[in-house]
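Student: Kindly return the folded structure for what I paste below:
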Amino acid sequence: MMWKFRSASDSGGHPHLVSLNGNKGRQTWKFDPTAGTPEQRANVEQLRADFTANRHKQHHSADELLRLQCANKIANKKYSPRTDPLREGEVPTAQRVEEHLKGAISFYECLQQDDGHFPGDYGGPMFLMPGLVIALYTCEVLEQVLEPEARKEMVRYLHNHQNPDGGFGLHIEGESTMFGTGLSYVTMRLLGEGPDQQQTVAARNWIHSRGGATYITSWGKFWLAVLGVYSWDGQNPLPPEMWLLPFSKWSGIGMMHPGRYWCHCRMVYLAMSYIYGSRGTCKETPLTAAIRQELYPMPYSSINWDAARNQIAKEDLYYPHPIIQDILWWTLYKAEALLLGSSLRKAALNEVIRHVHYEDANTRYLDIGPVNKVINMLCCWLEDPTSLAFKKHLPRVHDYLWVAEDGMKMQGYNGSQLWDTAFAAQAMLDTGLTDMAGQALRKAHSYVEQSQVVQEADPPLSKYYRHISRGAWPFSTRDHGWPISDCSSEGLKAALGLAALGQPQLVGAAISRERLEEAVRVILSYQNKDGGMATYENTRSFHWLEILNPAETFGDIIVDYSYVECTSACITALAAFDRLYPNSRWSSQIASTLDKAESFVRRIQRPDGSWYGSWGVCFTYATWFGVTALACRGHTATLDPAVHKACAFLVGKQRLDGGWGESYLSCQDKVYTQLEDDSHVVNTAWAMMTLLAANYHTLDPKPLHKAAAYLLRKQEASGDWPQQHISGVFNRNCMITYANYR
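Tutor: All right, here's what the predicted structure looks like:
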C-alpha cells in the first residue's frame, strides 16, 4: 500500500477543477492500496520508522517517498559523482568538480516531471493543517475530502513533530508554543485520537500547565471559536466594517484601509472578518463538547472571556500588542454589540464576500495561501453549503497536501514549482554542461513558459486592490496567478538565459520578446519610493501601521516592505534583459530604476557588512542577494568597500569543516547564530555564490577551495545532498521548508 505522487493531475476529470493550462505544475498525492512491490512497501515502512526514531535530532523529512518513486530513473541515470574521499587540504580539480556536477544534474533531472517542474516539500509551519481540519469538520466534509489513509498520515505527522515536552512548535524545528500545541491537540482529536492516548495526554498537560487554551494567540483563538470550543467573546474584534472605509489616501483614514495591507495579511483578515462578523461556528457535536472541556484546567463556564482576549502564553509572544492597539480593541469590543446584526454589518459582510469570491475565481480556488484558502472555503460554506463556489474549493484542498516519510502535511503554498524550476534552469546553465542537461533544460523551459501569467486578473483591478499581473511569474503555478517581484525576476532570468544560449533545437524555442517585455513592465512597476522592491505589490501605506499588527506570533505583516532579496532579483533580471536587448524602449527606465535600487541595497546594508534575510536563513541568504545585486552593477570585492565588507563578514563565519551553518534563530533574533552541529550545504552554497559573484577568489581563493571540498564531501553517491536544517522563513518568526534548495 503506497502513496503515489501525481503531477499535472486533473483528479480524474473532476467537474469542479478549473485550470488555465492543463494543470501544469499541479502536485497531488493519491493513496493506492495496490501500488508497490513487497520490497518497496517494506522500504516505505523502514523510511518511516527511521524518521520516527530520529525525529528529535532530525526534524526535517528528506522527501524520501518522492525519491523512492523515482528510484528506477535514479538507478539508471548516466552519471554519478566520485565517491573516493578528498585528502585533507586537497584542492578539488576542475575535472573532479565537473564529475560531481554531472552527478548532481543527472540525479536532479530524475525528479523532474513531464511538465518540466521539480516537485518538493514546502511544509514546515505547524499551524496550517489544523485550520484545514477544523474547517473541513465544520463544513461536515472531513471524511469526504480526507480518506482514512490521509487522516492516518496526518496523525503520523503530528506524532512525529510533537516535542519531548509534549507541546508543538510554531514550525517543525521550533520550541513548543500554545499556538502550535492547542491547535495540534484539537487536530489529533478531530482525526480520531482519543483523549487518553499518550500524545494527547502529553499535549493537554502542556496546555494546562500554562493556564489553558485561553493563552493561545489570536489566530488560535479564531480557529477554536470556529470549532465552538472557545467563545467569540474572547476574540479581539475582526470587524468587516473596515472594508467599508474610504480607500483614498486623501481621506486620511484611507491609509488604514485593509486594501493597503500586505496581500497575505489582507486576504487572511478579509476572510476572518466574514467569519467573525457572522459568528460562523461549527454545529456542536459530542466530540466538540468534549474538546471544549479538555482544553481548559477550569470549568468552561467560569472563564472570563473579556480577560481572555489579551491572554497570550509567554512562549508565543514574539510581537506584543502596543498599548494603542489594546485601546483600539477595547473600543471595538464595546461597539460590537451595536454592530452585530445591524444593517451596517450586513453591508460589510456583503462587501467582504464579494472580495472572497473574486479571490477564489482569480486563483482557480487555490487562493493566495493555505490560511485564506481554508477560511475562504469556510466563508463559501457559511454563505451557502450547496453552492458551486464551495464545491469548487474541495478538489483544490489536495494541492496543498504533501506526503513524506514523516506523514502528511499542509504546505505553505500550493508548492514552489516556478521558483525551484527557474533556479534549477539557471544553475544548469551556469555549469556550462548544457549538452548533458539539454533534456532537463528543455522541459524546464517549457514549464517556465507555461507558468507565466498571460492575462490580468478580472477588471477593475483597483476595485479589488490588485497589482498588474500580465507578463509576470508566480511562485508556483499559472493557476495560482499571484505574481511576485522576485519570482517574476527569476522566471525572466531563466527565460533570458535559455534564449541567450541560442540553441532552440536543444532547449526549445525562446519565449517571445513581447512576453519578456511584459515581464519587464511588471518588474519596473514594483519599485517603491525608497528605491527597493516589495513582494507582490508596492508599499501602500506607512510603516508605522505595523502598530496594528494583531498577530502576536509574526512580525512585519501589515504592509509590503522593500526587501534586499526582492530588490536584488529585480536588479539582476532587468540588467540581464538590458544586456540581451540593448537600447530597447525600456533601457532608459531600466537605467534609472537600477540606480535607485542599488542605492536602496547599499543603504540597508548592516554595519557588519551583512544584510538581514526575510525569506531565507538568514544573513547568509540575504548577503548573497545583496552582493549579487552590487556585482551585477560592476562592483567587486577588489574595488568596492561595501562588497569587500560583505565578503569579510561571510569569510569570518566560515567553519572549520569549510562550510557555513546558520541557525534559523538568526531570523527571529536578528543576530547571526551558528548551528550547533554540522555545517549546512545550502548555507555553504549561498556563501560560495556570494564570494564568486564578488570576485573574492582573486583576493583569496582558500575559503572557496575549502567550501568546495566541503560540498563534494557531503554529496551522496546518488548525486543528491542530505536534507539538513530548515532554510526558509517568513514574517521573521516562522520557518518553512525548501526541499529543493539542497
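Student: Please make it C-alpha for all contacts and neighbour counts, starting now.
Tutor: Fine.
Student: mind listing the helices for the stretch 251-400 of the chain?
Tutor: Ranges of helices in the stretch 251-400 of the chain, per DSSP state H, counting those that start in this stretch, are 263-278, 286-294, 305-308, 323-339, 343-362, 370-383, 388-396.
Student: Over to the stretch 601-742 of the chain?
Tutor: Under DSSP H, counting those that start in this stretch, the stretch 601-742 of the chain gives helices at 619-632, 641-653, 665-669, 681-693, 702-714.
Student: Now render those helices as CSV, adding mean pLDDT.
Tutor: CSV is the format used below for the helices of the stretch 601-742 of the chain (pLDDT from 0 to 100):
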stretch, mean pLDDT
helix 619-632, 98
helix 641-653, 98
helix 665-669, 94
helix 681-693, 98
helix 702-714, 97
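Student: Mean neighbour count and distance to residue 578 for those helices - can I get that in CSV?
Tutor: Below are the helices of the stretch 601-742 of the chain laid out as CSV (neighbours: other Cα atoms under 10 Å; distance: least, Cα to Cα, whole Å):
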stretch, mean neighbour count, distance to residue 578
helix 619-632, 27, 12
helix 641-653, 20, 23
helix 665-669, 19, 34
helix 681-693, 23, 19
helix 702-714, 20, 30
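Student: who wins for proximity to residue 607 among the ones you listed?
Tutor: helix 641-653 (9.0 Å; Cα to Cα).
Student: picking that back up, of all the helices of the stretch 251-400 of the chain, which gets the most neighbours per residue?
Tutor: The highest mean neighbour count among these, using mean count of other Cα atoms under 10 Å, belongs to helix 370-383: a mean of 25.
Student: now the angle between helix 343-362 and that one, please.
Tutor: 120 degrees (axes from the mean of the first three to the mean of the last three Cα atoms, to 10 degrees).
Student: And helix 370-383, what does it pack against?
Tutor: helix 128-138, helix 263-278, helix 343-362, helix 388-396 (3 or more Cα pairs under 8 Å, 6 or more residues apart in numbering; DSSP states H and E).
Student: Could you measure from residue 687 over to residue 245?
Tutor: 47 Å (Cα to Cα, to the nearest Å).
Student: I meant to write residue 394 there.
Tutor: The gap separating residue 394 from residue 245 is 33 Å, by Cα to Cα.
Student: for residue 90, same thing?
Tutor: Computed as Cα to Cα, the residue 90 to residue 245 distance reads 67 Å.
Student: again, but for residue 350
Tutor: For residue 350, the distance to residue 245 - Cα to Cα - is 14 Å.
Student: For the nearest residue to residue 311 once chain neighbours are set aside, grab the count of nearby residues.
Tutor: Once flanking residues are discounted, residue 311 sits nearest to residue 215: 4.9 Å by Cα to Cα, 6 or more residues apart in numbering. Using other Cα atoms under 10 Å, the number of residues around residue 215 comes to 26.
Student: so what's residue 215 scoring on pLDDT?
Tutor: On the pLDDT scale, residue 215 is placed at 98.
Student: That one contacts residue 315, doesn't it?
Tutor: No: at 9.9 Å, residue 215 and residue 315 do not qualify as touching, with contact defined as Cα atoms under 8 Å.
Student: any common contacting residues for these two?
Tutor: residue 178 (Cα atoms under 8 Å, 6 or more residues apart in numbering).
Student: residue contacts, residue 642?
Tutor: 602, 609.
Student: If we use 7 Å, what do you get?
Tutor: Residue 642 makes contact with residue 609, according to Cα atoms under 7 Å, 6 or more residues apart in numbering.
Student: Check the gap between it and residue 619 for me.
Tutor: Distance from residue 642 to residue 619, by Cα to Cα: 15 Å.
Student: For residue 741, which residues are in contact?
Tutor: residue 682.
Student: distance of it from residue 390?
Tutor: 35 Å.
Student: do residue 508 as well
Tutor: For residue 508, the distance to residue 390 - Cα to Cα - is 40 Å.
Student: what kind of secondary structure is the residue nearest the centre of the chain in?
Tutor: Most central in the chain under Cα atoms, centre = their mean is residue 412, positioned 4.5 Å from the mean C-alpha point. Three-state call for residue 412 (DSSP: H, G, I helix; E, B strand; the rest coil): coil.
Student: Now do the buried residues in the strand or helix carrying residue 499.
Tutor: Applying DSSP states H and E as the criterion places residue 499 in helix 485-500. Going by neighbour count (16 or more other Cα atoms under 10 Å), the buried part of helix 485-500 is 485-499.
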